[in-house]
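> Please work out how this folds:
(chains A and B)
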Number of protein chains: 2
Amino acid sequence: MDWTEVNRRLFLDRYEIAMAAAYVREGRADTTACFDYFFRNPPFDGGYTVFAGLGDFIAGLEAFRFGPEELAFLEKEGFSSDLLDLLGQFRFRGDIHAAAEGEPVFPHEPVVRVEGGLLETQLLETLLLNRLNFQSLIATKAARLVHAARGAAISEFGLRRAQGEGGLQASRSAFIGGCTTTSNLEAAHRYGIPAIGTMAHSYVLSHDNELDAFRAFARSHPDDSVFVLDTRHTLESGLPNAITVAREMEGEVLALRGVRLDSGDLAYLARECRRRLDEAGLPAVRIIASNQLDESVIRSLVEQGAPIDTFGVGTALAIGRPDAALDGVYKLALVGDRPVMKTSDSLPKTTLPGRKATTRYSDDEGNFVADAIHLEDEPPPDRILHPHEPGRSYSLASLHREPLLKPVLRQGRAVAPLPSAAEAANHARTQLKRLPAEHRRFENPHTYKVGLGPELAALRDRLSRSPRPQNA
Amino acid sequence: MDWTEVNRRLFLDRYEIAMAAAYVREGRADTTACFDYFFRNPPFDGGYTVFAGLGDFIAGLEAFRFGPEELAFLEKEGFSSDLLDLLGQFRFRGDIHAAAEGEPVFPHEPVVRVEGGLLETQLLETLLLNRLNFQSLIATKAARLVHAARGAAISEFGLRRAQGEGGLQASRSAFIGGCTTTSNLEAAHRYGIPAIGTMAHSYVLSHDNELDAFRAFARSHPDDSVFVLDTRHTLESGLPNAITVAREMEGEVLALRGVRLDSGDLAYLARECRRRLDEAGLPAVRIIASNQLDESVIRSLVEQGAPIDTFGVGTALAIGRPDAALDGVYKLALVGDRPVMKTSDSLPKTTLPGRKATTRYSDDEGNFVADAIHLEDEPPPDRILHPHEPGRSYSLASLHREPLLKPVLRQGRAVAPLPSAAEAANHARTQLKRLPAEHRRFENPHTYKVGLGPELAALRDRLSRSPRPQNA
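Model (predicted):
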């Protein structure tokens, strides 16, 4: 499953091959290297990111090959036969540690650690960033929508406005972030997500009148009809016709599943529909609302008490509006046994050197308190240092500790089967409950503490104070 | 080419299958229908949209099939064997008329017209919208970046922040909109777009020092090196090291191609680099700038006279930030011989009934003046009516006329080979020159005139005044 048919392609930025060519010529293709994936800001001005895309990335990496057609193209591009011979044999044989899909993660901390030869760890950069950045963005958006809906369901409807084939990955990530259903049939098939969706306005228009349309649809889908109400006028035409047909259906022991509101004032229309459906003895008919929803509109509808059972969210969810991208990066931290870092004028843009681990600390109730980034061979610290403000530190003594990064691939082989989308969704639900509410709120969320172990901080400071000479 | 391997999938929203099931049960699967694709607003608050994605859509549609695995899934979902038998035989056999890829197009006018049986024209809805909305968005973004760059080149660098597999389509659309190169190797391979990209910071860090890194890279890529300058410090380390190596290379009759600025004040750094490179006798070394560029940053850099030869644009281009989606829709206009429209409280959201054509009018110099939407069997009108403001009209007498929609598929078969990405890019370049500057400017672009032919307007008004009875 998962895109293997697609990954037998040149899923690369050209510079990765250009660097690979240089590494081969220098005889350094197998020099060991360690890269970190991390991001600098949670999306949507929020307080957390729901990590997603790992399964898709790993499946893509396992299938990452260069076939004859790809090699012929690279030859035409001028790459050497030494490189092409090596690429013809390529498969990733390194190690990967990563957070679990669905895990809430935070700025600056390594979320994935990739180790192996310089060539193989460099070649996967774009695939990794493409998969993890986008899918984490969408899982985070979905979690925010679910939070705003306070118990009502969120259904993902975005394929028609999604960014091309990215729509399939959007549906999977939305499910991980807490959506319960999707309109996307391929995602339903591939990932086991329940699919919903019954009629468009075009179906109603294709009949001589709306009542005929509803009747015909109910005959075809006696146990699974949702009528769209606003083809003519929601309250004057759609709702009365839906009630008429719902009552006719009841005579046949079947029931109308729901009605869909797709325009107008959703709070007012939902209340009116609920009231008239209840008066008509149809309390089981669900109300589904759609039309340019996002977390702030949903929150407003919920606050107004609108009796909406399911929110169908399309564009804003499938493209992660307004951010539409997560700023995750993949940075070299170790070459051979030499820790490296990119220096910068501003400390927050400096990278962290060395082979590192991320440890999560929680209290006796299981609530997340802070995360520590530390050297892999440094024990999880009792006190973390603020990553950018010298002198500030925070005590973590007596808290529970668990490693965030767990082995995923060893020498290119999966350590265990990757979790399904449903398992990742369960993990997200469980772990988001452990994240204190002040980090989940929309306005000025409290910054989750992520600090450095003292040995890592000392290494970073040493390398920034006395960089290796840059002119020979 | 073009995704055929991917389209043997359920690229559908569930409601399309649910409606198909109803059409089959009603014996109306083959009832003729006509749908229009159009959008309501150009993206980015601009004055035009560059139409793209047609080739990808048509290739996907030609490959659109239901295999045994897909049929088994639909059976499990509860769909009838009558429907499944029909889907097992499915291929699109209808007619499609469309604007050419690369064409500037405008709100409300049909850009694609799809005709065929109710079942087949409904099944393709999501594929069509997904392909055309996203790719038109990105082609438009690229055209805006090219406009801002006033002759400097734009290279598309966005795959790592693109929305999953959408990144490939983004690269193709960016090329259609006027980008000259891409970092995306698969796009280069598949679509013939020149690829660029040489080194990341990680390459520099993997060496003991920057000078060694540049030397080693130059030996590996003597005729194709671009050095990234800001791993340590652009002016104090990167630039002097680049000049040293460029001079060493000259001794071997080869030349450094360029340097890349990826942080800091790009206007200042570009000027300093240009001055020092020229002083060093290296006027042929090009300056490439990247780092969160978009059309307003590029315009500002150009206005400051920054001597930048190529702008590398990543995220903002590949995801079409800030909009990240185009609001195109697919609406039923005719069933059998009955014109239909979705009414609405507001005239701008009403759809246009009937089988329609779009005609473009231009002056003697070839400049676009206005477009008319009219009934297919109504001659291109000499006067168009404002689509929403009764009483306003505009004379088009004595202007040249050309049909915007041309046949693409007849009975499911391609009328002619679809243009390549390069041909579509040429078409865009030619046609954008014919669009007067006032529609291309960024601030408050003048609204391009799109009006209705009198017979279409009369039909629309008749249907909105006296809708068919909605209660039987």
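
> What parts of the stretch 301-450 of chain A come near chain B?
By C-beta under 8 Å from any C-beta of the partner chain, the residues of the stretch 301-450 of chain A that approach chain B are A:315, A:319-322, A:324-327, A:331-332, A:335, A:340-345, A:349. Where you see a C-beta, it was placed from the backbone N, CA and C, and this is true even at glycine.

> Out of those, which sit inside strands?
Judged by DSSP state E, these include A:331-332, A:335 as members of strands.

> Dump stretch A:454-461 to CSV, restricted to CA.
Listed next in CSV are the C-alpha coordinates belonging to stretch A:454-461 (Å, rounded to 0.1, in the frame of the first residue of the first chain):
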residue,chain,number,x,y,z
PRO,A,454,23.6,20.7,29.9
GLU,A,455,26.1,18.7,27.8
LEU,A,456,24.3,19.5,24.6
ALA,A,457,24.2,23.2,25.5
ALA,A,458,27.9,23.2,26.3
LEU,A,459,28.7,21.5,23.0
ARG,A,460,26.6,24.0,21.1
ASP,A,461,28.2,26.9,22.9
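
> where does the stretch 251-400 of chain A have low pLDDT?
Within the stretch 251-400 of chain A, the segments meeting pLDDT under 70 span A:251-254, A:344-346.

> Which parts of it are helices?
Listed in chain order, the helices found in the stretch 251-400 of chain A under DSSP state H, counting those that start in this stretch are A:266-279, A:295-303, A:315-318.

> what's the average pLDDT for the helix or strand where A:I154 lies?
According to DSSP states H and E, A:I154 maps onto strand A:153-156. For strand A:153-156, mean pLDDT rounds to 98.

> contacting residues around that strand?
For strand A:153-156, the external contacting residues (C-beta atoms under 8 Å, 6 or more residues apart in numbering or on different chains) are A:142, A:145-146, A:170-171, A:174-175, A:178-184, A:196, A:288, A:298, A:309-314, A:317-318.

> again, but for stretch A:117-124
Residues contacting stretch A:117-124 (C-beta under 8 Å, 6+ apart): A:12, A:16-17, A:19-20, A:23-24, A:28-35, A:61, A:64, A:86, A:90, A:92-94, A:114-115, A:335, B:200, B:202-203, B:206.

> Generate a PyMOL selection restricted to the buried subset of these.
To isolate the buried ones among the contacts of stretch A:117-124 in PyMOL, judged by 16 or more other C-beta atoms under 10 Å in any protein chain shown, type:
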select buried, (chain A and resi 12+16+17+19+20+23+24+28+29+33+34+35+61+64+86+92+94+114+115+335) or (chain B and resi 200+202+203+206)
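
> Out of the contacts of stretch A:117-124, which sit inside helices?
With helices taken from DSSP state H, the overlap with the contacts of stretch A:117-124 comprises A:16-17, A:19-20, A:23-24, A:61, A:86, B:202-203.

> which residues sit in contact with A:I96?
Counting by C-beta under 8 Å, 6+ apart, A:I96 touches A:58, A:112-115, A:407-409.

> correction: A:L229
A:238-239, A:242, A:259-262, A:273.

> now it: how far from A:A270?
According to C-beta to C-beta, to the nearest Å, A:L229 stands 11 Å off from A:A270.

> Go through the helices of the stretch 251-400 of chain A and name the closest to A:L54.
helix A:315-318 (19.9 Å; C-beta to C-beta).

> show me what contacts the spatially most central residue of chain A?
In chain A, the centroid-proximal residue (C-alpha atoms, centre = their mean) is A:S136; its distance is 2.5 Å. Taking C-beta under 8 Å, 6+ apart, we find A:S136 in contact with A:39, A:49-53, A:105, A:173, A:326, A:328.

> okay, stretch A:211-219 in PDB with CA atoms only?
What follows is stretch A:211-219 as a C-alpha-only set of coordinates in PDB (Å, rounded to 0.1, in the frame of the first residue of the first chain):
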ATOM      1  CA  LEU A 211     -39.500  16.400  -4.100                       C
ATOM      2  CA  ASP A 212     -39.100  13.900  -6.900                       C
ATOM      3  CA  ALA A 213     -35.400  14.100  -6.500                       C
ATOM      4  CA  PHE A 214     -35.500  13.300  -2.700                       C
ATOM      5  CA  ARG A 215     -38.000  10.500  -3.300                       C
ATOM      6  CA  ALA A 216     -35.900   8.900  -6.100                       C
ATOM      7  CA  PHE A 217     -32.800   9.100  -4.000                       C
ATOM      8  CA  ALA A 218     -34.500   7.600  -0.900                       C
ATOM      9  CA  ARG A 219     -35.700   4.700  -3.100                       C
END
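
> which residues touch that stretch?
By C-beta under 8 Å, 6+ apart, stretch A:211-219 touches A:198-199, A:203-204, A:206-207, A:225, A:227, A:241-242, A:244-245, A:248-249, A:254, A:256, B:22, B:25-26, B:470-472.

> Buried ones from those, can you make that a PyMOL selection?
Provided next is the PyMOL selection string for whichever of those are buried by 16+ other C-beta under 10 Å:
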select buried, (chain A and resi 198+199+203+204+206+207+225+227+241+242+244+245+249+254+256) or (chain B and resi 22+25+26+470)
